[in-house]
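> turn this into a structure:
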Amino acid sequence: SLEAVAADRARAGIRALSALVPRSARIEEADGRVREIAAADLVPGQRMLVRPGDRIPADGTIFEGVSGIDESPVTGESLPVTRGPGDTVRAGSIATEAALRVEVTRAGEDSTIARIVRLVEEAEAARAPTERFIDRFSRYYMPVIVGLAVLVAVVPPLAFGQDWGTFIYRALALLLIGCPCALVISVPATIASALSSGARRGLLIKGGAVIETLAKVQNIAFDKTGTLTEGRPQVTGIVPLEGRAADEVLRLAGAVETGSSHPLARAILAAAEARGLDLPQARGARSLPGRGAEAEVAGAAIWVGAPAHAPEGIGEGQEMVAAVAEIEERGGSAVLVVAEGRALGVIGLADAPRADAAEAVAELAGMGLRAVMLTGDNPRAARAIAEPLGLEPRAELLPEDKLAAIAEMADRGGVAMIGDGINDAPALKRAGVGIAMGAGSDVALETADAALLRNRVTDAPAMIRLSRAAMHTIHQNVALALGLKALFLVTSVTGLTGLWMAVLADTGATVLVTANALRLLAFDPRRAARD
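Model (predicted):
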């Protein structure tokens, strides 16, 4: 059927992703020998040898070698990116320049590509509200058409003595033209095409319901760290207090932050490693969402976090206040280190906006959307990032404050929240559509309603543009299907068109809506912004 053809064409790009993962892999044994095994048999911990020009058989982490990596099969990014020891690589990517030794982190069936394929298939089963309405409409529509055909066949001959053959013929034509095939296929074919088109360009959308909601949002909320910024802050300075040494302040902060995945924590740990500091062991470490972290180090209770959330009684010292103000005036973030109720020092960190953040905000404004930035950072650092981008900043927000802000925006036309998918999980869930930044991370793929796999802010307006194009196509298809049927229902009953015209009209309407839906496979929402 044409519906099967449309669905098959829409899924072709997704099946092509699976085909890009090689069937075999070269693994290195403990004695240094290399042997070839089926890629499906790879398990985490094994070490693969990837030669120049080879596709990577499974997700992994590079432990030796530096090479350009072509990630276009996964993220849609056309230019190779350089990866080296410690960097993650994904199945289906190509090592373009040099040999790599890669440690497997996920088995074949759990690779990024495999999960994208599964999620898109599940998304196609998540029906949009418009699709559910069309199905309900069809359940009532078809009995009405059958009843009308019966009336056309029997009323004129019985009531007015007309020819039975003529009106039975007209009733059959009416039944044919009244068949809801084109109407029923118009929505699922369009949704499948949009999902496939997005996935091939690094825009993962989980179903027709998300497309429909995303096309209607009027507000966009951005997280700051890791979304509008690179998410790789660096320690820019340490101001020790009370005669402490800078290295001591950094050691204690690093001990508390050991094991944390927060970008600021990773920056502190990286600075401690760069200075060659040995971190003491921390006990009872725990994260305080939106406030900081605390642990016991060498028998002392250590707290690390934003000055605004420091323990009661901390924060009046002039030296500390001046240090914090200087860091924040430069657009940085200040982290306070407190031991047993005494401030030991202030660590300054800074992060740079993503290169495409300003362009993305400008595109959203051109689409009539209102964008704000939600962050737990201090107001000065928030303004330093938001104002050059043309965003309204809302600072010093705890997780519950972000939820309240999302709820307020939802009452003013719907809201999409864009975050890193980890620290912003509650806000992502509360928003009409939660969009996670992340090139295939577990959280990005599993928790949010959509994901920007290429980690580009400009992909957010592209995703909205794709959703709007999909809904516009659906409206076109529904209008086309109903318009043709209404026209030929009248002409069939009055005898202006016969059975063959009814057949052609019904088939033609189905072909037209299918072809219109498949146009989305070639639609590039990023290019549409430039046209």
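
> only C-alpha atoms for contact and neighbour calcs from this point on.
Noted.

> you'd agree residue 182 is up against residue 505?
No. The criterion here is CA atoms under 8 Å, and residue 182 misses it with residue 505 at 10.2 Å.

> neighbour count for the two, which is higher?
Neighbours were counted for residue 182 and for residue 505 using other CA atoms under 10 Å; residue 182 has more, 26 against 19.

> can you pull the contacts of the more buried one?
481, 506, 509, 510, 511, 513 (CA atoms under 8 Å, 6 or more residues apart in numbering).

> let's see it at 6 Å
Residue 182 makes contact with 481, 509, 510 under the criterion CA atoms under 6 Å, 6 or more residues apart in numbering.

> need the nearest residue in space to it, chain neighbours excluded.
Spatial nearest neighbour of residue 182, chain neighbours left out: residue 510 (4.2 Å); criterion: CA to CA, 6 or more residues apart in numbering.

> name the SS class of the one you found, please.
With DSSP: H, G, I helix; E, B strand; the rest coil as the basis, residue 510 sits in helix.

> closest to residue 278 out of the contacts of residue 182?
Closest approach between these and residue 278, by CA to CA: residue 510, at 70.0 Å.

> distance check, the closest one against residue 184.
9 Å (CA to CA, to the nearest Å).

> go on, residue 98?
51 Å.

> so which of those two has more stuff around it?
For the pair residue 98 and residue 184, the greater number of neighbours falls to residue 184 (21 against 15), based on other CA under 10 Å.

> which helix or strand contains that one?
helix 181-200 (DSSP states H and E).

> residue 477 too?
helix 459-494.

> do the same with residue 417
Going by DSSP H and E, residue 417 is part of strand 415-419.

> how does the protein divide into domains?
22-106, 120-191+465-530, 202-230+355-462, 234-350 (automatic domain parsing).

> what distance do you get for residue 149 to residue 60?
63 Å.

> the two: who's more crowded?
residue 60 (26 against 23).

> any idea how far the more buried one is from residue 89?
5 Å.

> cool, residue 243 as well?
Taken as CA to CA, the span from residue 243 to residue 89 is 45 Å.

> repeat for residue 67
In terms of CA to CA, residue 67 sits 11 Å off from residue 89.

> near residue 81, how many other residues are there?
By other CA under 10 Å, the residues close to residue 81 number 13.

> try residue 147
For residue 147, using other CA under 10 Å, the count is 12.

> what pairs with the host helix or strand of residue 393, parallel or antiparallel?
Per DSSP H and E: residue 393 is located in strand 392-394. Applying DSSP bridges to the sheet, strand 392-394 is found paired with strand 370-374 (parallel).

> which residues sit against the strand it pairs with?
Strand 370-374 has contacts (CA under 6 Å, 6+ apart) with 219, 220, 221, 222, 223, 391, 392, 393, 394.

> next, the angle strand 415-419 makes with that strand.
Per axes from the mean of the first three to the mean of the last three CA atoms, to 10 degrees, the angle that strand 370-374 makes with strand 415-419 is 40 degrees.

> how about the secondary structure of the residue most central in space within the chain?
Residue closest to the mean C-alpha point of the chain, counted by CA atoms, centre = their mean, is residue 451 at 0.9 Å. The three-state label given to residue 451 by three-state DSSP is strand.

> all further residue positions should be reported with the first residue as 34.
Sure, I'll start numbering at 34, so the last one becomes residue 484.

> run a quick check on it versus residue 237, I expect a contact.
Yes. Using CA atoms under 6 Å, residue 484 is in contact with residue 237, at 5.1 Å.

> now the farthest one out in this structure, which residue is it?
Distance-from-mean max, the chain, by CA atoms, centre = their mean: residue 194 at 65.6 Å.

> please identify which helix or strand holds the closest residue to residue 195 other than its chain neighbours.
Residue nearest to residue 195 in three dimensions, not counting chain neighbours: residue 189, with 5.5 Å by CA to CA, 6+ apart. Assigned by DSSP H and E, residue 189 belongs to helix 162-193.

> next SSE downstream of that helix?
helix 197-211.

> name the helices or strands packed onto that next one?
Applying 3 or more CA pairs under 6 Å, 6 or more residues apart in numbering; DSSP states H and E, one finds that helix 197-211 contacts helix 162-193, helix 492-527, helix 532-551.

> those: lowest mean pLDDT?
Taking the mean pLDDT of each of these, the lowest value is held by helix 162-193, a mean of 74.

> neighbour count winner among residue 276 and residue 122?
residue 122 (25 against 8).

> need the contact list for that one.
92, 93.

> need phi/psi at it.
Note on residue 122: its backbone torsions stand at phi -130, psi 160 [degrees, to the nearest 10].

> now the one 10 residues further on
Phi and psi for residue 132, reported as degrees, to the nearest 10, are phi -70, psi 140.

> wait, it touches residue 86, no?
No. Using CA under 6 Å, residue 132 is not in contact with residue 86; the gap is 8.7 Å.

> what's the longest strand in this protein?
strand 375-383 (DSSP state E).

> so what touches the following helix or strand past it?
Of the helices and strands lying after strand 375-383 in sequence (DSSP H and E), the nearest is helix 390-399. For helix 390-399, contacts defined as CA under 6 Å, 6+ apart pick out 261, 422, 490, 491, 494.

> got the angle for helix 390-399 vs helix 492-527?
30 degrees.

> show me what counts as buried in helix 390-399.
390, 391, 393, 394, 395, 396, 397 (16 or more other CA atoms under 10 Å).

> likewise for stretch 514-523?
Within stretch 514-523, judged by 16+ other CA under 10 Å, the buried ones are 514, 517, 518, 521, 522.

> now do the strands in the stretch 34-183 of the chain.
57-61, 67-71, 80-83, 93-97, 100-103, 114-116, 121-122, 127-128, 133-137 (DSSP state E, counting those that start in this stretch).

> on contacts alone, who are the packing partners of the helix holding residue 510?
helix 197-211, helix 214-233, helix 241-249, helix 558-563.

> winner for burial among those?
Highest mean neighbour count among these (mean count of other CA atoms under 10 Å): helix 214-233, with a mean of 26.

> which stretches of the stretch 284-433 of the chain form strands?
Under DSSP E, counting those that start in this stretch, the stretch 284-433 of the chain gives strands at 315-321, 325-330, 333-338, 366-372, 375-383, 403-407, 425-427.

> deepest in the core, which of the ones you listed is it.
Most buried of the strands of the stretch 284-433 of the chain by mean neighbour count (mean count of other CA under 10 Å) is strand 366-372; its value is a mean of 26.

> just checking, what packs against it?
strand 333-338, strand 375-383.

> identify whichever of those strands lies nearest to residue 410.
strand 333-338 (10.5 Å).

> of the domains of the chain, which shows the lowest average pLDDT?
Among the domains of the chain, domain 153-224+498-563 carries the lowest mean pLDDT (a mean of 77).

> beta partners for residue 262?
residue 386.

> so how many other residues sit close to it?
Residue 262 has 20 neighbours, counted by other CA under 10 Å.

> hang on, isn't it packed against residue 385?
Yes. With contacts counted by CA under 6 Å, residue 262 reaches residue 385, the gap being 5.4 Å.

> what's the following helix or strand after the strand holding residue 450?
Immediately after strand 448-452, counting by DSSP H and E, sits helix 458-463.

> can you list contacts of that next one?
Applying CA under 6 Å, 6+ apart, the external contacts of helix 458-463 come out as 436, 450, 467.

> that older thread, how close does the residue nearest to residue 195 get to residue 281?
The value you get for residue 189 to residue 281, if CA to CA is used, is 99 Å.

> need the phi and psi values for residue 291.
Torsion angles, degrees, to the nearest 10, at residue 291: phi -60, psi 130.
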